[in-house]
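A.B. asks: pasted the sequence and its predicted model underneath.
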Amino acid sequence: MYCLENAFILTMMTVCVYRGVFPSSRCLFMYRDVVAVAKSLHRLTIVNPKYHLASLLGRISGNITKIIIDSMGFYGSDFCVCLDNELMFGVMIYAVSTASYLDLRRRGFDISALRYEDLVARPVDMCRVVLEFCQLPVSLAELAVKAFDVDSQRNSLVGKSTIGHFREPRLTPQR
């Protein structure tokens with residue numbers, strides 16, 4: 001689940017396109033605790049040069065952060081903040097993806113949300129809810145839960161076996 005945050009952004013950017021092609025499709029936005037996202041994206045910046053560079057450049061000024069967000073296809077003025085510590089990049093990405101979700105809802109798109117922590121706490125029940133929402137057989141819930149045991153990124157730089165060993169930054173009251 002380390003790259004889930006990146007999927008949010010890609011999903012939000014493409015919802016409008018897919019809605020035109022697949023008008024009866026179901027859209028589901030998965031969100032996660034912001035601190036967990038920030039820590040996860042910090043580990044990702046260690047192995048991904050693009051994210052590492054964005055995180056470092058964002059420390060220079062809020063205007064640099066605006067440019068980074070603009071380059072991702074979002075309106076960066078809403079996120080013109082200085083990334084003054086290693087957790088801020090993840091917080092910014094979280095804010096961008098959540099703002100995109102809320103914007104699509106405001107514009108009338110039928111998108112429901114699912115909290116990642118609920119899925120982890122009650123995987124079978126939540127898989128049933130998701131399958132029912134997607135109008136798929138709920139009998140697949142047990143099989144879906146078994147898929148959680150497999151690291152989908154296991155053969156890449158962002159696999160849990162690689163970035164799972166990196167130390168998380170400390171969360172302090174100042175951060």
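C.D. replies: Received, thanks.
A.B. asks: what's around Phe79, how many residues?
C.D. replies: By other C-beta atoms under 10 Å, the residues close to Phe79 number 21. Every residue, glycine included, has its C-beta placed from N, CA and C.
A.B. asks: Leu87 too?
C.D. replies: Using other C-beta under 10 Å, Leu87 is surrounded by 23 other residues.
A.B. asks: that one against Val37, yeah?
C.D. replies: No - Leu87 is not in contact with Val37 according to C-beta atoms under 8 Å; the separation is 9.4 Å.
A.B. asks: low-confidence ranges in the protein?
C.D. replies: 1-19, 76, 152, 157-164, 175 (pLDDT under 70).
A.B. asks: where does Ala113 land in three-state SS?
C.D. replies: When classified by DSSP: H, G, I helix; E, B strand; the rest coil, Ala113 comes out as strand.
A.B. asks: all helices for the protein, in order.
C.D. replies: 4-21, 34-47, 49-57, 62-71, 88-106, 116-121, 123-133, 141-147, 160-163 (DSSP state H).
A.B. asks: output the ones you listed as JSON lines; include the columns mean neighbour count and distance to Thr172.
C.D. replies: Shown next, in JSON lines, are these (neighbours: other C-beta atoms under 10 Å; distance: least, C-beta to C-beta, whole Å):
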{"stretch": "helix 4-21", "mean neighbour count": "14", "distance to Thr172": "22"}
{"stretch": "helix 34-47", "mean neighbour count": "20", "distance to Thr172": "12"}
{"stretch": "helix 49-57", "mean neighbour count": "15", "distance to Thr172": "18"}
{"stretch": "helix 62-71", "mean neighbour count": "17", "distance to Thr172": "21"}
{"stretch": "helix 88-106", "mean neighbour count": "19", "distance to Thr172": "13"}
{"stretch": "helix 116-121", "mean neighbour count": "14", "distance to Thr172": "23"}
{"stretch": "helix 123-133", "mean neighbour count": "16", "distance to Thr172": "32"}
{"stretch": "helix 141-147", "mean neighbour count": "13", "distance to Thr172": "36"}
{"stretch": "helix 160-163", "mean neighbour count": "16", "distance to Thr172": "22"}
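A.B. asks: of all the ones you listed, which one is nearest Pro173?
C.D. replies: Evaluated with C-beta to C-beta, the helices of the chain place helix 34-47 nearest to Pro173, the distance being 12.9 Å.
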